[in-house]
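Predicted model follows, preceded by the sequence.
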Amino acid sequence: MSAHPDYEVVIGLEVHVQLRTRSKLFSTAGVSYGDEPNQHTTPVCLALPGALPVLNAHAVELAIRAGAATNCTIHPTSIFARKNYFYPDLPKGYQISQFEHPLCTDGWLEIETDGLKSDGSKTGGTKRIQLTRIHMEEDAGKSLHDGRADQSRIDLNRAGVPLVEIVSEPDLRSAEEAGFYLRKLHAILRTVGVSDADMEKGQFRCDANVSLRKHGATELGTRREIKNVNSFRFVEAAIEAEIVYQADLLDSGGEVRQATVGYDAENDRLFLMRLKENADDYRYFPDPDLIPLVISQERIDAIRAALPELPDVRRHRFEEAHGLAAADAAKLVGAGSLADFFEAAVAAGAEPKAAAKWLTRDVVAWLNEQERESGDSALETQGFALAPAGFASLLGLVDAGRLTAKSARDLLPDLLAQGGDPESLMQERGLEAVSDSGALEAMADDVLAAQPKAIESFREGDQKAVNFLMGQVMKQSQGKADPAQVRKILIAKLEAL
Amino acid sequence: MTESFGSVGDLRSALDAGQTSSRGLIEHALERAGAVGERLSVFVDLQNDQALAAADAADARRAAGETHSPLDGIPLVIKDNIVQQGERASCASRILEGYVSPFDSTVVAKLRAAGAVVIGRANMDEFAMGSSTENSAYGPTLNPWDLERSPGGSSGGSAAAVAADIVPLALGSDTGGSIRQPAAFCGVVGMKPTYGRVSRYGLVAFASSLDQIGPIGRSAADCAVLLDAISGHDPQDSTSLPEPALTTASTLTGDISGLTIGLPREYFEAEGADPAVLETVRTAASALEAGGAKLVEVDLPHARYAVAAYYLIATAEASSNLARFDGVRYGRRAEGVANLKELYERTRSEGFGDEVKRRILLGTYVLSAGYYEAYYRKAQKIRTLLRRDFDAAFAGCDVLLTPTTPETAFRLGEKTEDPLTMYLSDIYTVSANLAGLPGVSLPCGLAEGLPVGLQVLGRPMEDATVLRVADAYQRLADHHLARPGDLA
Amino acid sequence: MSRIAPEDAKRVAELARLRLDDAELPAMTAHLERILEYVDLLMEVDTRGVEPTAHAIPLATPTRKDEPTGELTPEQAIANAPAAEGTAFSVPKVFDDEAAG
């Protein structure tokens, strides 16, 4: 959606990302998904009397990596604080988080705004989004509402799972920008191994703070917070809905009241969770069971140095080393593990530009189709039955003229879904291109004999006649002829007539 | 066997010589526990069967020549806020009614490994909040020296158990004096180690930055044996010092020549301190001087702010530490609750006693928006100033000598009406917790028939030094051998 | 001047999920008032420029290896539960709007 005509939209995002660890942040219980309730707890997870937290070293490493990958200042000393509130899924009655002294602050990342129509025109280029902070904290458990109507069940498997909360400045100006930001963040965190960020499993959850103000106003409007949305599309849709809600309210002379809202994706509707009449009083204070987290500059430097190639860097490399168009490079890098697949295919002999085109156009289309069917939101190549080498050989067949692009496009979904050797499949389906020039010439002769009117038109200088005749030959070949070769043969024959 | 236990060293010799057995010791202790312990309300739980089984195992080890710890087969009691696997732990609170811990505290695991035999769990002020053991859901423990008086608190049951000769050793916990003050009131030795010396894993937290488990015994030498057994780094406690277990017992030479003892001026001029107590402590200081130590006066200019800072910090931490007692996962849940809010409010209001509620309220208040800076942060800054006071004082002396309490054991009910007067009985003890220092209280005589406690405070990490001074005093004077009248 | 009014005590009690009935409130408020009055003693100390101390012994927090270990069984986890259903704890219905977090 384009920018709102009357209001400037101001969005800040808080993203909770589950760190990729085997055990919890302060408890040695395992991290799992989908197990029986309370399968993974220790006295620490249950907040049993006398239990004490001990920090998971790998979680710290990953949190530092997240900060390093997003250009943050990483603080040599940070402090764990208790956020106090009562809730059945919060066993201790407080969450261990970071408050006054977070691990990382002042980062940024760039989003590509190509094709973004913020003022009705294409802006193009990139936009830098500032990150306020990244801090470590523990997840809460789950309330299950599957039993008796008047009871909830509490499962603490998730209680204490390590998270980082990544807070952006209110730099985003549209739902679309928010979507770009989330996809970029998602790609970065996956690239550097901080998180699997599987949104289905709640490993990448977004809260969006949205407010509107008149264009040109400098003060922020009252914001509402959309809680816990777990797909890119839903975040965008929820923000769109929120913008409509707030704009209508303001238009009719109403006032936005600070509130927390939820998003019902099924019905594309927001619902009020609670009004924030008074500021919450979480009574943050330094956790006396933990002492300050101290990280040496050497360790920070080493983690920075060991970071894998970041998406932006990779994108530039794709442009430069493989001659890809900026848009194709961006699409590859921005889409889950497609970039890895691309590199593997190129290593297996695929021509880079063709591989990029096929991946960003045809393979992404297929993935989107899968996504619509399964509801899975991450663009994943893990589900491919086709190996990168198989993909390379498919492109090789096209390049050698043995398979037309059209036929290749027909084969692709089956190959992606079921795998197999492209060449065998081509032969099995009888799709090998007719490259035998004798056969093609015979077809061309047949067509010319049957289309005197077209020949007439050609003689009168109508170039479109060639296209018509080509179509006829292609039809006769059942799409298996190489269009360029057909064209060449036809023109030679026409000129010789 | 009605005679009192000898020292832990004597007990070990008797065991080694076959003059007694662990089973004999445990049976004797259980018998006293059932009789005297019952009368004084020392225990919240006795573990007869488990203790006898452990005694037999200790005897079997001894018979097989596999004894390797000075505590093997020796009976002791632990405070009800230190958890044991498979045993109830209530912190003397209704809210933990019926709770059974599925894990051992680190100290209990260490004691098990050492072969020590826990015979029961000692009464205490609910969640260690109090200085009289009157804030117990089980009712107060009585002072063996005078049954109308308080044994002190919060480790009142532990101190009374040793004073009444039920066991030679006990574990307590000390957040603002909760080992040292009852030790003083009951005429026994109690020690709070340097913060981090003893693992807090399995100690139900009152105020995490102040809590320490420590030994209570008849003598400094006995306390040293127990401290050595329970000390040492624990990877399960993030505030545990990265140091090996102590070996203080072997360093108690009695030699204090050349040692400089500081007497904090402010502590001897404190308002409300009983002159008889101060006089007894001065006499003890003179005895140490006669034993070769040098006495100097030192200043602790911020001493008078310690109690106020302590109660702000301790209650703030407690308000958060006690949030987990909500009736959801364990403990007592209020009956017939209609919704979550009621579940929380009624469970907590019915489960906690008045003093615990008062401290939770105070702690919640000082952390709440608008008061954090004025109260909590201010108290933390005072804490810094107190640490600096001690650093300065210890530049000129090796240990500090003070009274443990401003008066001897008070009467039951005497201070329950006004919480502040109860808090002020901690004026000499809270600073050691705020500054993390080791401190020991030992008997130094009687005032009007009641024991007077002498406190020795040392530099952080110098646990051995304070025990050495306490032991030296007990070689010079024999006040620790004084016993209350017959309790049978 | 009073430092804490009965309404303040009630508000704090609610934050702490304690219920003070009308009979308890005056005495509790008075006790808190008396303690806060005493604590005002601290205000005479100039603490400008003084760093707060959260822990007496200056250490850095230790970390442990990322290895799952020491889990309780689900049965052990709920062994002390006042109410359980299956291997989950059971509580009166949780509504999303009750969340404070």
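Arrived safely.

contacting residues around residue B:121?
Applying C-beta atoms under 8 Å, 6 or more residues apart in numbering or on different chains to residue B:121 gives the contacts B:43-47, B:77-80, B:87-89. No exception for glycine: its C-beta is placed from N, CA and C like everyone else's.

Same list, those residues, but as a markdown table with neighbour count and secondary structure please.
Below are the contacts of residue B:121 laid out as a markdown table (neighbours: other C-beta atoms under 10 Å in any protein chain shown; DSSP: H, G, I helix; E, B strand; the rest coil):
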| residue | neighbour count | secondary structure |
| --- | --- | --- |
| B:43 | 24 | strand |
| B:44 | 22 | strand |
| B:45 | 16 | strand |
| B:46 | 19 | strand |
| B:47 | 23 | coil |
| B:77 | 31 | strand |
| B:78 | 31 | strand |
| B:79 | 31 | strand |
| B:80 | 32 | coil |
| B:87 | 18 | coil |
| B:88 | 17 | strand |
| B:89 | 25 | coil |
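
near chain C too, which of those residues?
For chain C, no contacts are drawn from those by C-beta under 8 Å from any C-beta of the partner chain.

And the residue nearest the centre of the chain?
No chain was given, so I picked chain A. The centre of chain A sits closest to residue A:183, judged by C-alpha atoms, centre = their mean, with a distance of 3.9 Å.

right idea, wrong chain: chain C
Among the residues of chain C, the one closest to the centroid is residue C:16, at 6.1 Å (C-alpha atoms, centre = their mean).

Quick one: the strands in the stretch 1-150 of chain A, in order.
All strands of the stretch 1-150 of chain A, identified by DSSP state E, counting those that start in this stretch, fall at A:7-18, A:55-56, A:73-74, A:77-78, A:80-84, A:94-98, A:104-112, A:126-138, A:142-144.

Under the pLDDT cut-off, which ranges of the chain? List them.
Let's take chain A. A:1-3, A:114-124, A:277-279, A:335-336, A:374-382 (pLDDT under 70).

oops, chain C please
Ranges of chain C meeting pLDDT under 70: C:1-2, C:96-101.

Lowest mean pLDDT among the helices and strands, pick that one out for chain B.
Sorting the helices and strands of chain B by mean pLDDT, DSSP states H and E puts helix B:419-424 at the bottom, at a mean of 90.

Using CSV, write out every CA atom in that one.
Written as CSV, here are the backbone C-alpha positions of helix B:419-424 (Å, rounded to 0.1, in the frame of the first residue of the first chain):
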residue,chain,number,x,y,z
PRO,B,419,9.0,-4.2,63.8
LEU,B,420,11.5,-1.4,63.8
THR,B,421,12.8,-2.2,67.3
MET,B,422,13.2,-5.8,66.1
TYR,B,423,15.2,-4.5,63.0
LEU,B,424,17.4,-2.4,65.2
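
you'd agree the residue nearest to the centre of chain C is up against residue B:364?
Yes - Residue C:16 lies in contact with residue B:364 (C-beta atoms under 8 Å); the separation is 4.3 Å.

Report the set of residues contacting both of the two.
Common contacts of residue C:16 and residue B:364 (C-beta under 8 Å, 6+ apart): residue B:319.

Kindly tell me how buried whichever residue of chain A sits closest to chain B is, as a neighbour count.
Residue nearest to chain B within chain A: residue A:93 (2.4 Å; C-beta to the nearest C-beta). Residue A:93 is flanked by 23 other residues according to other C-beta atoms under 10 Å in any protein chain shown.

Show which residue of chain B lies farthest from the average position.
Distance-from-mean max, chain B, by C-alpha atoms, centre = their mean: residue B:338 at 40.9 Å.

max-length strand in chain C?
Across chain C, the longest stretch assigned as strand under DSSP state E is strand C:88-92.

Could I get the CA-only coordinates of it as PDB?
Extracted in PDB, the C-alpha atoms of strand C:88-92 (Å, rounded to 0.1, in the frame of the first residue of the first chain):
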ATOM      1  CA  ALA C  88       0.700 -29.700  33.000                       C
ATOM      2  CA  PHE C  89       0.000 -27.400  35.900                       C
ATOM      3  CA  SER C  90      -3.700 -26.400  36.100                       C
ATOM      4  CA  VAL C  91      -4.900 -22.900  37.000                       C
ATOM      5  CA  PRO C  92      -8.100 -21.000  36.600                       C
END
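
next one: it to chain centre, how far?
22 Å (C-alpha atoms, centre = their mean, to the nearest Å).

swap in stretch A:224-238?
14 Å.

Now look at it and say if it contacts chain C.
No - if you take C-beta under 8 Å from any C-beta as the test, stretch A:224-238 misses chain C, and the best it gets is 8.7 Å.

Dump the C-alpha coordinates for that stretch into CSV.
Below are the C-alpha coordinates for stretch A:224-238, written out as CSV (Å, rounded to 0.1, in the frame of the first residue of the first chain):
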residue,chain,number,x,y,z
ARG,A,224,-0.7,1.1,19.9
GLU,A,225,1.3,-2.0,20.1
ILE,A,226,0.4,-5.0,18.0
LYS,A,227,1.7,-8.0,19.9
ASN,A,228,3.2,-11.3,18.8
VAL,A,229,2.7,-11.6,15.1
ASN,A,230,4.6,-14.5,13.6
SER,A,231,4.7,-14.1,9.8
PHE,A,232,6.0,-11.4,7.6
ARG,A,233,2.7,-11.2,5.7
PHE,A,234,0.6,-11.0,8.9
VAL,A,235,2.8,-8.2,10.3
GLU,A,236,2.3,-6.3,7.1
ALA,A,237,-1.4,-7.0,7.1
ALA,A,238,-1.8,-6.2,10.8
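
Identify all contacting residues around it.
A:175-176, A:178-179, A:182-183, A:186, A:199-200, A:202, A:204-211, A:239, A:242, A:246, A:256-263, A:265, A:268, A:270, A:273, A:377.

May I see the PyMOL selection of the buried members of these?
PyMOL command restricting those to the buried ones, with burial defined by 16 or more other C-beta atoms under 10 Å in any protein chain shown:
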select buried, chain A and resi 175+176+178+179+182+183+186+199+202+204+205+206+207+208+209+210+211+239+242+246+256+259+260+261+262+263+270+273+377
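
which ones among the contacts of stretch A:224-238 are found in strands?
Short answer: those in strands (DSSP E) are A:204-211, A:259-263, A:270, A:273.
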